[in-house]
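# show me the folded form of this:
(one chain, ligands or ions: 1)
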Amino acid sequence: MHILSKSTYIKGLQCEKALYMTKKHPYLRDRLSIEQRAKFQRGTDVGILAQQYFPGGVNMTPNSPSQFPRRVKETMEKLHNPDINVMYEAVFQHNDTLIMVDILVRDGDQWKAIEVKSSLKLSTTYYNDAALQYYVLHGCGVPLSDFQLMYLNAGYVKQGPIDVRQLFQLVSAMDYAREQEATIAANVERLKQVVALPHAPQVVVGPHCNDPYPCDFRGHCWRNIPQEDPNVPYSIDFKALFAQAPDPKPRRIAYLNPLFYRPAVPELDGTRPYQEMMLAFALSGDQEPNGNTLWDCFDDHSRWQEGLDVMEARLRYYDLVVTFTPNEHLGYKVFNLSEVLQNAEMFHPLLKDGFSLQHTAAAVFHDLKLFEHSRIIVEALTQDLLSYEQAKKDLIAENEVVKSIYQHFFK
Ligand code: SF4
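Presented below is the predicted three-dimensional model:
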């Protein structure tokens, strides 16, 4: 059986303790958040779509981890079968390290390996992932003509069915992988020794717990670290804050919480990968029936532009639109609460990683739990991990938070 895989290797580079815990104490992992599950699903969906770029391949995906050894053997057999030109998820093992290559394409007497990424840009981590695969393939004696990274083309505009040849772009990572081979070999040896340790290595928590990925042992490692105390008073430059107060004082104020969706693969004609579309908005103001309007197109995304028209028409009545989520469609009346507070140099330990609505509210109202359920992950919604009804409630709840913060400072 193998000791390392692509994911445990990358994890080990991030933190040796995370690797050890994954191998020896996986039951101490945090539960996957909705956001992580949605991200994982997105990667899988894009990976399957990418296979159409090289159609007709044999799928080598094992049904369970116990099938890995069999798949390794079958992959090697298929490499020598002249009738097979493309393989998906081909399984290789070298020096106790197991990889599954997203796509393997015959190229004359050689093979071309392709790793698919559901992103618009390539990071060093992606190149390191490719380098590890190259190391294993080379170790298995696979003659490689190239190792490529395949990722989304920001310039692609969907018209009709998805054109995978336009949607994806390819870049070679072969030179990088070759240069890294000795480093990878040393890393593999080091990480194998980490896994063989009798106890978890001592690693102090720090920024590496979130870089490049949020570690799934944070619940375990951080449990004795005092959490940021919401009761600590925030600091703010009130002079700078009030200098930004709306002038003249608005009579009719709307509070707006729009919800945007950025699908990796464009869903609608005329849109690009990760194009921002408005799926819903909550609007609170004295012109709204019962004080609130909620518009959404959760079940028909093609109406996303209609939402902008509805929103614009409703906002005409108001003198000021207060929001925490500004966007280009809102026009001159916008009061961007997040920007205003940042300009006034508001500080609280909870805000050290950025001005999220939840943390700002927790800092202002000294209550961490107050708004903890109001984060909406749109991809979770589109993958049925979150119900429409819950998302609508959360949108309105978030908007109430925006209103409370504004009124706290400006009324
Ligand atoms: S939480 Fe931090 S220290 Fe603990 S295993 Fe993860 S990365 Fe390592």
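# up against the ligand, what does the stretch 201-350 of the chain have?
Residues of the stretch 201-350 of the chain lying close to the ligand (CB under 6 Å from any ligand atom) are 203, 205, 208-209, 215, 217-218, 221. Where C-beta positions appear, they are placed from N, C-alpha and C, glycine not excepted.
# which parts of the stretch 51-200 of the chain are helices?
In the stretch 51-200 of the chain, the segments counted as helices under DSSP state H, counting those that start in this stretch are 68-79, 124-139, 164-167, 174-196.
# any buried residues in the shortest one, and which?
When you say that, I think you mean helix 164-167. Judged by neighbour count (16 or more other CB atoms under 10 Å), helix 164-167 contains these buried residues: 164, 167.
# re earlier: can you turn the buried part of the residues of the stretch 201-350 of the chain next to the ligand into a PyMOL selection?
Buried subset of those, written as a PyMOL selection, criterion 16+ other CB under 10 Å:
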select buried, resi 203+209+215+217+218+221
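# could you dump the residues of the stretch 201-350 of the chain next to the ligand to a markdown table with secondary structure?
A markdown table is the format used below for these (DSSP: H, G, I helix; E, B strand; the rest coil):
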| residue | secondary structure |
| --- | --- |
| 203 | coil |
| 205 | coil |
| 208 | helix |
| 209 | helix |
| 215 | coil |
| 217 | coil |
| 218 | helix |
| 221 | helix |
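# follow-up on the earlier one: adding distance to the ligand and mean pLDDT, write the helices of the stretch 51-200 of the chain out as TSV.
Below are the helices of the stretch 51-200 of the chain laid out as TSV (distance: least, CB to the nearest ligand atom, whole Å; pLDDT from 0 to 100):
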stretch	distance to the ligand	mean pLDDT
helix 68-79	25	96
helix 124-139	14	96
helix 164-167	34	97
helix 174-196	12	97
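# pLDDT weak spots in this protein?
33-35, 225-228, 331-332, 368-385 (pLDDT under 70).
# measure stretch 219-239 end to end?
40 Å (CA to CA, to the nearest Å).
# also stretch 53-68?
End-to-end distance (CA to CA), stretch 53-68: 26 Å.
# and which of the residues of the stretch 201-350 of the chain next to the ligand is nearest to residue 398?
Set against residue 398, the nearest of those by CB to CB is residue 218 (24.5 Å).
# my guess is that closest one meets residue 29, correct?
No: taking contacts as CB atoms under 8 Å, residue 218 lies outside contact range of residue 29: 9.8 Å.
# what's in contact with stretch 153-166?
49-50, 52-53, 120, 167-169, 265-274 (CB atoms under 8 Å, 6 or more residues apart in numbering).
# kindly report the domain assignment for the chain.
4-221, 238-410 (automatic domain parsing).
# most distant residue from the middle of the protein?
If you look at how far each residue of the chain sits from its centre, by CA atoms, centre = their mean, the farthest one is residue 248, at 41.2 Å.
# tell me the contacts of that one?
No contacts exist for residue 248 under CB under 8 Å, 6+ apart.
# what do you get for the one 3 residues further on?
Taking CB under 8 Å, 6+ apart as the definition of contact, the neighbours of residue 251 are residue 319.
# quick one: it from residue 335, how far?
Separation of residue 251 from residue 335 (CB to CB, to the nearest Å) stands at 14 Å.
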